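Novice: Sequence plus predicted model, see below.
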Protein chains: 2
Amino acid sequence: MAVNVVESKEWYLAGYAAEGVPTTDHLTLRSVPLSLSLDSIPDAYVAVQLLFISVDPYLRTRMSGQEDGLYFPQFSLNQVITAFGVGRVMRSKDEKYSEGDIVLNAFFPVAEYCVVPSSVLIRKIDPEAGIPLPEYLSCLGVPGFAAWVGIEVLGEAKPGSNAFISAAAGGVGMVAGQLAKLKGCRVIGSTGSDAKVRLVKEEFGYDDAFNYNKEVDFDATLSKYFPNGIDIYLENVGGKMLEAVLNHVNPHARIPVCGMISQYNQIWTEREGVRNLLNIVGKEVRMEGFLVGSYLDRFADFTVEMEGYLKQGKISSKIKIYEGIQNFAESLGSLFSSSNFGKVVIEVNKPR
Amino acid sequence: MAVNVVESKEWYLAGYAAEGVPTTDHLTLRSVPLSLSLDSIPDAYVAVQLLFISVDPYLRTRMSGQEDGLYFPQFSLNQVITAFGVGRVMRSKDEKYSEGDIVLNAFFPVAEYCVVPSSVLIRKIDPEAGIPLPEYLSCLGVPGFAAWVGIEVLGEAKPGSNAFISAAAGGVGMVAGQLAKLKGCRVIGSTGSDAKVRLVKEEFGYDDAFNYNKEVDFDATLSKYFPNGIDIYLENVGGKMLEAVLNHVNPHARIPVCGMISQYNQIWTEREGVRNLLNIVGKEVRMEGFLVGSYLDRFADFTVEMEGYLKQGKISSKIKIYEGIQNFAESLGSLFSSSNFGKVVIEVNKPR
């Protein structure tokens, strides 16, 4: 007989963190009973067991209690955190979904189980496609799509372009660097540890990379790694790195701005300003912020291309899996340390 | 009998001005004899009497002695300053030009007379076209073209767009605001005196304008003037104004960056940084520097459109004429004070 009531652990926001990395003072785990009996599920809803949850830097910007540069709405106090995830349908009151279907949703609660309207589900995943489920949150998910929009659409990567990828070993960066290599670019990465420098060179095929924590003068660093200037800078960091890049851009350089992780834990008036924006005039630089949600008309093109690369082994992905939902706060914090490798995912329940 | 030797006054660079507004310590007038006898003029050269010289803010960036964000080459010490201008051919060793032709050149010496290769001349002007010659340095010249590229090409001005023009009464700004109005935008200007606020509202048809010298909090000012946010910001100023704008941009706002006059008199490391660039991510802002030289394939389109507006009286231009070449240093300095109105031009010799 099917289980009809489960205890579901979930993470909710206990308090805003204006500055710094959110801790368990701000994020709290609680356990709530959830009825899974078909009678209790409204029409056009499904009950889902979460399998994998995507842990992304932007989530932090929804926990500051103030509108910020990414402009995602703030989580309400006591609200369950929501995130991109993969789940398995346990009960369905929508004929389009059946028990056992594997589904994607951009706003799953960070919980073990949930009951959600079927309209929020993005699509079903074919588990027989030979692609590990966490990859749908990495190369085939938001980070991979962000990398693709940044490098191919806005970055206009071409053979011979000099591409610089910040946060090179992160969820977006690792895919971006590989895409730029596939387009024939010379690719240099910046990352936060020697181990990650090795990773991006050895596993992701970057031409070279450096550990920004060991560099004292980014301007000199970029002179060394970009003797011919920078044509594409995938901006994920902001602050001093952007300023240094603006001293090394080539005419008509493109700077797709995906995020600025160095800025998320500070109130904006306390951030370091960028003083050399004038350079974008003389070098005719195009700097453009983007959210992947605005490029959904290209998502099918992206999926076809990326699935091709994955099946041919042309792109690989490093995924750091935290086992168990109890690790959510820790895994989020890891994104803002130099310890994080690749895409961070929580395995909530083992896929069957 | 034609005069064969003239005394020609010319401005040369006596010393670099790293910071501040260049003065006669840096810019010096001298008089040199110049032979105009046909024998002394090389083949494919012309002798020209200068009529009007365009005084533009970018010239200052060529006098600092250090490469700067606009990346125009520095004038050499003792080199005659060069500028956009209109002249009259006095002697010609090129069959395409005859005595009396009125010609345009982007790099005329700031002098009363000169001998230049005919290849540097941009084109002849028809003096019978009914357009005053200084207008070829204003609406129909570099500032007008910069305004057109900024508003129509990069700004994608549309009916109902909320457009903000900085340096609104300057050479670029006054044309930009009028073009944006013609495209159906709501147009607000920022300028440096109450008299210029009146000018842009009464003569250039801005919906409203403010004197930035009287505003203590640009953020509050923009809240007042842009209750529905900013869709297009024509950036001519930089610094604190750009920072304030980035707090008021609408999704997919465009920021064509024409220049940053607030920054030209300071070494870049001493400038005020912009701290809220993260906003360009969430609002998906496109910020793009441009030099008009990259859009010359559109110059003919621009000329047809602008001549049409001028002949129909749909665009008017305010031109501040300094009479006599001796006023060059003063006229250049005026661009960086709040006293300057409209396009600044020197009348070197009276047109006949």
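Specialist: Done, it's in.

Novice: Tell me who's in contact with A:Gly15.
Specialist: The contact partners of A:Gly15, taken as C-beta atoms under 8 Å, 6 or more residues apart in numbering or on different chains, are A:Asp25, A:His26, A:Leu77. Quick note: C-beta positions are derived from backbone N, CA and C, even for glycine.

Novice: for the stretch 201-350 of chain A, what spans make up the helices?
Specialist: Using DSSP state H, counting those that start in this stretch, the helices of the stretch 201-350 of chain A run over residues A:218-225, A:240-246, A:279-282, A:299-311, A:328-334.

Novice: Looking at those, which is nearest to chain B?
Specialist: Nearest to chain B among the helices of the stretch 201-350 of chain A is helix A:279-282; the distance by C-beta to the nearest C-beta comes to 3.3 Å.

Novice: Flag every residue of the stretch 251-352 of chain A that's near chain B.
Specialist: Residues of the stretch 251-352 of chain A that fall close to chain B, judged by C-beta under 8 Å from any C-beta of the partner chain: A:252, A:257-260, A:263, A:268-291, A:294.

Novice: Any of these buried? List them.
Specialist: Taking 16 or more other C-beta atoms under 10 Å in any protein chain shown as the criterion, what is buried in these is A:257-260, A:263, A:268, A:271, A:273-291.

Novice: Just the ones in strands from the residues you listed, please.
Specialist: Cross-referencing these against strands under DSSP state E gives A:Val257, A:Arg286, A:Met287, A:Glu288, A:Gly289.

Novice: Just the pLDDT for the last one.
Specialist: It stands for A:Gly289. Per-residue confidence (pLDDT) for A:Gly289: 97.

Novice: give me every residue that touches it.
Specialist: For A:Gly289, the contacting residues are A:Val257, B:Asn279, B:Ile280, B:Val281, B:Gly282, B:Lys283, B:Glu284, B:Val285, B:Arg286, by C-beta under 8 Å, 6+ apart.

Novice: can I get those in CSV with distance to A:Ala220 and pLDDT?
Specialist: Below are the contacts of A:Gly289 laid out as CSV (distance: C-beta to C-beta, whole Å; pLDDT from 0 to 100):
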residue, distance to A:Ala220, pLDDT
A:Val257, 24, 97
B:Asn279, 30, 94
B:Ile280, 27, 96
B:Val281, 28, 95
B:Gly282, 32, 93
B:Lys283, 33, 96
B:Glu284, 33, 97
B:Val285, 30, 98
B:Arg286, 31, 98
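
Novice: Turn those into CSV, including distance to A:Asn213.
Specialist: What follows is those, written out as CSV (distance: C-beta to C-beta, whole Å):
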residue, distance to A:Asn213
A:Val257, 22
B:Asn279, 27
B:Ile280, 26
B:Val281, 24
B:Gly282, 28
B:Lys283, 31
B:Glu284, 31
B:Val285, 30
B:Arg286, 32
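
Novice: so, if you compare the residues you listed, which one comes nearest to B:Tyr212?
Specialist: Distance to B:Tyr212 across those (C-beta to C-beta) is lowest for B:Asn279, with 20.5 Å.

Novice: Am I right that the closest one is in contact with B:Val249?
Specialist: Yes - with contact defined as C-beta atoms under 8 Å, B:Asn279 counts as touching B:Val249 (6.6 Å).

Novice: and for the two, which residues touch both?
Specialist: By C-beta under 8 Å, 6+ apart, B:Asn279 and B:Val249 have these common neighbours: B:Val285.

Novice: Do stretch A:48-60 and chain B come into contact?
Specialist: No - using C-beta under 8 Å from any C-beta, stretch A:48-60 never reaches chain B; the gap is at least 9.1 Å.

Novice: Does A:Val115 touch A:Tyr45 like I think?
Specialist: Yes - between A:Val115 and A:Tyr45 there is a contact under C-beta under 8 Å: 5.6 Å.

Novice: Surely A:Ser334 is in contact with A:Lys343?
Specialist: No - counting by C-beta under 8 Å, A:Ser334 stays clear of A:Lys343, with 11.6 Å between them.

Novice: hey, what's in contact with both of the two?
Specialist: Common neighbours of A:Ser334 and A:Lys343 (C-beta under 8 Å, 6+ apart) are A:Lys320.

Novice: Looking at the two, which one has more neighbours?
Specialist: Between A:Ser334 and A:Lys343, counted using other C-beta atoms under 10 Å in any protein chain shown, the more crowded position is A:Lys343 (27 against 18).

Novice: distance of the more buried one from chain B?
Specialist: Between A:Lys343 and chain B the distance is 19 Å, computed by C-beta to the nearest C-beta, to the nearest Å.

Novice: Contacts only, for that residue.
Specialist: Listed by C-beta under 8 Å, 6+ apart, the contact set of A:Lys343 reads A:Ser54, A:Pro134, A:Leu137, A:Ser138, A:Pro143, A:Gly170, A:Gly171, A:Met174, A:Ser317, A:Lys318, A:Ile319, A:Lys320.

Novice: Is it possible to get TSV of those residues that adds pLDDT?
Specialist: Shown next, in TSV, are those (pLDDT from 0 to 100):
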residue	pLDDT
A:Ser54	96
A:Pro134	95
A:Leu137	96
A:Ser138	96
A:Pro143	94
A:Gly170	92
A:Gly171	93
A:Met174	96
A:Ser317	91
A:Lys318	94
A:Ile319	95
A:Lys320	94
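
Novice: So which of the ones in strands among the buried ones among the residues of the stretch 251-352 of chain A next to chain B is the closest to A:Leu70?
Specialist: Taking C-beta to C-beta as the measure, A:Leu70 lies nearest A:Gly289 of these, at 9.2 Å.

Novice: Show the pLDDT at the nearest residue to A:Val197 once chain neighbours are set aside.
Specialist: Of all residues not flanking A:Val197 in the chain, A:Ala209 sits nearest, at 4.6 Å (C-beta to C-beta, 6 or more residues apart in numbering or on different chains). In this model, A:Ala209 is scored at 98, pLDDT.

Novice: Can you give me the neighbour number for A:Ser64?
Specialist: For A:Ser64, the neighbour count with other C-beta under 10 Å is 21.

Novice: make that A:Ile315, sorry
Specialist: A:Ile315 has 24 neighbours, counted by other C-beta under 10 Å.

Novice: returning to what we had before: close to chain B as well: tell me which of the contacts of A:Gly15 qualify.
Specialist: Among these, no residue lies close to chain B (C-beta under 8 Å from any C-beta).

Novice: for these, which one is nearest chain B?
Specialist: Closest to chain B out of the contacts of A:Gly15 is A:His26 (20.5 Å), distances taken as C-beta to the nearest C-beta.

Novice: could you flag which of the contacts of A:Gly15 are buried?
Specialist: By 16+ other C-beta under 10 Å, these give A:His26 as buried.

Novice: Output the contacts of A:Gly15 as a markdown table; include the columns pLDDT and secondary structure.
Specialist: Output for these, formatted as a markdown table (pLDDT from 0 to 100; DSSP: H, G, I helix; E, B strand; the rest coil):
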| residue | pLDDT | secondary structure |
| --- | --- | --- |
| A:Asp25 | 93 | coil |
| A:His26 | 96 | coil |
| A:Leu77 | 96 | coil |
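
Novice: if we can go back for a sec, okay, the helices of the stretch 201-350 of chain A, which one's buried deepest?
Specialist: helix A:279-282 (a mean of 24; mean count of other C-beta atoms under 10 Å in any protein chain shown).

Novice: other SSEs contacting it?
Specialist: Judged by 3 or more C-beta pairs under 8 Å, 6 or more residues apart in numbering or on different chains; DSSP states H and E, the packing partners of helix A:279-282 are strand B:286-289.

Novice: Quick check: the residue of chain A nearest chain B.
Specialist: Proximity of chain A to chain B (C-beta to the nearest C-beta) peaks at A:Gly273, 1.8 Å away.

Novice: so what's that residue up against?
Specialist: Contacts of A:Gly273 by C-beta under 8 Å, 6+ apart are B:Glu243, B:Glu272, B:Gly273, B:Val274, B:Arg275.
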